[in-house]
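> the amino acid sequence is not available; the structure is as follows:
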């Protein structure tokens with residue numbers, strides 16, 4: 001399975017160079033689509049210009065391919081006479097081969113058309129250094145994610161048909177258009193933690209009863225001492241022909257390739273912030289109370305006990321700076337760290353403020369858990385999308401700067417302004433990219 005999406009025919013190569021006239025005697029030696037795709041993959045879909053490292057692929061709701069591609073396969077020596085660094089001694093096949101190309105963003109694709117600044121030798125050196133940088137991160141990617149959930153594989157789940165596999169880093173960005181499967185991926189990862197997450201996953205996809213679809217999900221948890229892989233798949237148990245009953249379905253569990261009765265769910269601890277702020281029939285009266293009920297389930301804490309623990313002395317020092325105090329038995333007031341000096345009722349908070357307060361409580365609970373516990377904090381697009389762009393950027397920066405290795409993160413982003421977070425990612429810690437139909441997952445150390 002290709003790790004990176006296939007290029008669209010609309011991707012250009014050295015736009016400025018194309019202004020040079022093509023003649024019957026000297027036709028342009030263009031790159032084929034296969035060569036463009038190879039250049040992009042070898043470059044990790046990241047601009048090879050020194051110091052740029054801009055990502056050049058994201059999801060798109062507007063294109064049939066489901067992708068926005070802003071990279072170019074640029075010629076090192078020009079495709080036709082008159083172009084920058086044209087080499088008349090080079091043959092057609094060599095001129096249109098991968099060895100004569102470099103993958104850049106659109107800005108630097110135009111910039112390198114200045115041969116006085118960007119010589120052939122310089123471009124080849126930049127290309128080699130960048131591809132080695134990409135290779136080093138892919139080769140050592142497993143070490144970046146230790147400890148935690150390091151690899152996920154699945155087949156035919158929800159809208160994501162066929163088999164998919166990806167590696168998780170310490171921090172991860174899943175980007176793509178709406179209805180492309182971001183929540184599906186988040187719930188696959190969450191399912192291995194059991195409890196409420198398994199119930200969500202199993203009910204939404206009818207997983208235990210889907211033996212005919214050949215569905216399965218697999219995840220690997222790695223610690224400093226060992227690696228453990230759990231595989232879950234629905235199976236059909238044959239019944240007697242005399243009864244004429246349909247086959248019975250059951251959940252088949254394998255742990256490190258051996259059939260098991262259950263799996264160690266505590267190795268896959270997850271906080272999945274998805275629709276906790278959407279009130280439905282039977283939910284608590286307030287959005288904050290619904291989120292607290294969810295966190296109580298995840299951390300196996302009595303709901304009332306958790307409410308009573310959210311007070312100033314317990315949450316005096318939090319990751320995001322929110323302060324909490326009880327006003328009545330099950331009522332909480334919150335001090336927002338924006339310069340205001342008074343506490344607000346939870347119902348008075350904006351969506352962004354309420355989201356950040358919930359994340360702050362979740363982080364406090366994670367950091368207070370057992371030292372050996374490993375957690376994945378998932379911010380699905382339905383939750384993360386409630387934040388302003390400024391707040392998203394600040395939260396992204398805060399969470400990815402955590403030094404505590406017990407926390408992994410997964411940010412589910414839509415397109416357009418959310419892509420700004422990709423440009424602000426610390427690409428020196430980039431590990432790898434994977435393609436899941438219309439989604440792209442970027443893993444970082």
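That came in fine, so what should we check first? What you see is a predicted model; the values in this text were computed from it and never measured.
> using the three-state scheme, assign residue 396.
What DSSP: H, G, I helix; E, B strand; the rest coil gives for residue 396 is helix.
> isn't it up against residue 411?
Yes: between residue 396 and residue 411 there is a contact at 6.5 Å, judged by Cβ atoms under 8 Å. No exception for glycine: its C-beta is placed from N, CA and C like everyone else's.
> run through the neighbouring helices and strands of the helix of greatest length in the chain.
Identified as the longest helix of the chain according to DSSP state H is helix 120-139. Under the contact definition 3 or more Cβ pairs under 8 Å, 6 or more residues apart in numbering; DSSP states H and E, helix 120-139 sits against strand 101-105, strand 430-436.
> quick one: which of those strands is nearest residue 330?
strand 430-436 (40.9 Å; Cβ to Cβ).
> isn't residue 76 right up against residue 97?
No: Residue 76 lies out of contact with residue 97 (Cβ under 8 Å); the separation is 10.4 Å.
> higher neighbour count, those two?
Using other Cβ atoms under 10 Å as the criterion, residue 76 and residue 97 rank with residue 76 on top: 23 against 16.
> against residue 49, how distant is the more buried one?
Distance from residue 76 to residue 49, counting by Cβ to Cβ, to the nearest Å: 13 Å.
> again with residue 200
Counting by Cβ to Cβ - residue 200 and residue 49 are separated by 44 Å.
> those two: which is more packed in?
It is residue 49, of residue 200 and residue 49, that has more neighbours when counted by other Cβ under 10 Å, with 23 against 18.
> residues in contact with that one?
104-105, 108, 111-112, 126 (Cβ atoms under 8 Å, 6 or more residues apart in numbering).
> looking at those residues, which two lie furthest apart in space?
105 and 126 (13.1 Å).
> for stretch 344-361, what is the average pLDDT?
Averaged over stretch 344-361, pLDDT sits at 92.
> just the residues contacting that stretch, thanks.
273, 276-277, 286-288, 291-292, 295, 310, 315, 318-322, 324, 327, 331-336, 377, 379, 383-384, 386-388, 391, 395.
> so which bits of it are buried?
Under the neighbour-count criterion of 16 or more other Cβ atoms under 10 Å, stretch 344-361 has 346, 349, 352-361 buried.
> so which of the residues you listed comes closest to residue 116?
Once Cβ to Cβ is applied, the member of the buried residues of stretch 344-361 that ends up nearest residue 116 is residue 352, at 49.1 Å.
> could you look up the SS state of that closest one?
Going by three-state DSSP: residue 352 is helix.
> how close does it get to residue 227?
In terms of Cβ to Cβ, residue 352 sits 39 Å off from residue 227.
> show me where the stretch 201-350 of the chain has its strands.
For the stretch 201-350 of the chain, the strands defined by DSSP state E, counting those that start in this stretch occupy 216-222, 227-237, 248-255, 258-259, 269-273, 323-328, 331-335, 344-345.
> mind putting those strands into CSV with distance to residue 54?
Below are the strands of the stretch 201-350 of the chain laid out as CSV (distance: least, Cβ to Cβ, whole Å):
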stretch, distance to residue 54
strand 216-222, 31
strand 227-237, 34
strand 248-255, 42
strand 258-259, 45
strand 269-273, 29
strand 323-328, 39
strand 331-335, 38
strand 344-345, 40
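> what are the buried residues along whichever strand or helix holds residue 41?
Residue 41 is part of helix 33-42 when elements are defined by DSSP states H and E. For helix 33-42, the neighbour count (16+ other Cβ under 10 Å) marks 35-42 as buried.
> which of the residues you listed sits closest to residue 89?
So of these, ranked by how close each gets to residue 89 (Cβ to Cβ), first place is residue 35, at 20.6 Å.
> hmm, residue 248 and residue 236 touching each other?
Yes: here residue 236 reaches residue 248: they are 7.0 Å apart, a contact under Cβ under 8 Å.
> looking at the two, which is more packed in?
Comparing residue 236 with residue 248 by neighbour count (other Cβ under 10 Å), the higher total belongs to residue 236, at 15 against 12.
> what's near enough to touch the more buried one?
Counted by Cβ under 8 Å, 6+ apart, residue 236 has contacts 211-212, 247-249.
> show me which of those residues are buried.
Using 16+ other Cβ under 10 Å, the buried members of the contacts of residue 236 are 211, 249.
> now the contacts of residue 236 in a markdown table, with pLDDT?
Shown next, in a markdown table, are these (pLDDT from 0 to 100):
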| residue | pLDDT |
| --- | --- |
| 211 | 74 |
| 212 | 72 |
| 247 | 69 |
| 248 | 76 |
| 249 | 80 |
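> show me the shaky parts of this structure.
Flagging of the chain using pLDDT under 70 yields the residue ranges 1-26, 59-63, 65-66, 139-146, 224-225, 238-247, 329, 403-404, 415-428.
> hang on, residue 262 packs against residue 253?
Yes: contact criterion Cβ under 8 Å: residue 262 and residue 253 qualify, at 6.5 Å.
> excluding its backbone neighbours, what's nearest residue 100?
residue 76 (5.1 Å; Cβ to Cβ, 6 or more residues apart in numbering).
> would you map the helices across the protein?
33-42, 92-95, 106-111, 120-139, 141-144, 182-191, 195-205, 287-298, 303-309, 351-367, 381-384, 389-400, 419-424.
> buried deepest among those, which one?
Of these, the one with the most neighbours on average (mean count of other Cβ atoms under 10 Å) is helix 182-191, at a mean of 26.
> distance from the chain centre to it, please.
Mean-position distance between helix 182-191 and its chain equals 11 Å (Cα atoms, centre = their mean, to the nearest Å).
> can you give me the angle that helix makes with strand 216-222?
Put simply, helix 182-191 runs at 60 degrees to strand 216-222, going by axes from the mean of the first three to the mean of the last three Cα atoms, to 10 degrees.
> Throw the contacts of residue 236 into a markdown table and include distance to residue 29, thanks.
Formatted as a markdown table, the contacts of residue 236 follow (distance: Cβ to Cβ, whole Å):
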| residue | distance to residue 29 |
| --- | --- |
| 211 | 53 |
| 212 | 51 |
| 247 | 60 |
| 248 | 63 |
| 249 | 58 |
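> which pair of the contacts of residue 236 spans the longest distance?
Top of the distance list for those (Cβ to Cβ): 212 and 248, 13.2 Å.
> contacting residues around residue 71?
11, 40, 43, 45, 47, 56-57, 103-106, 109.
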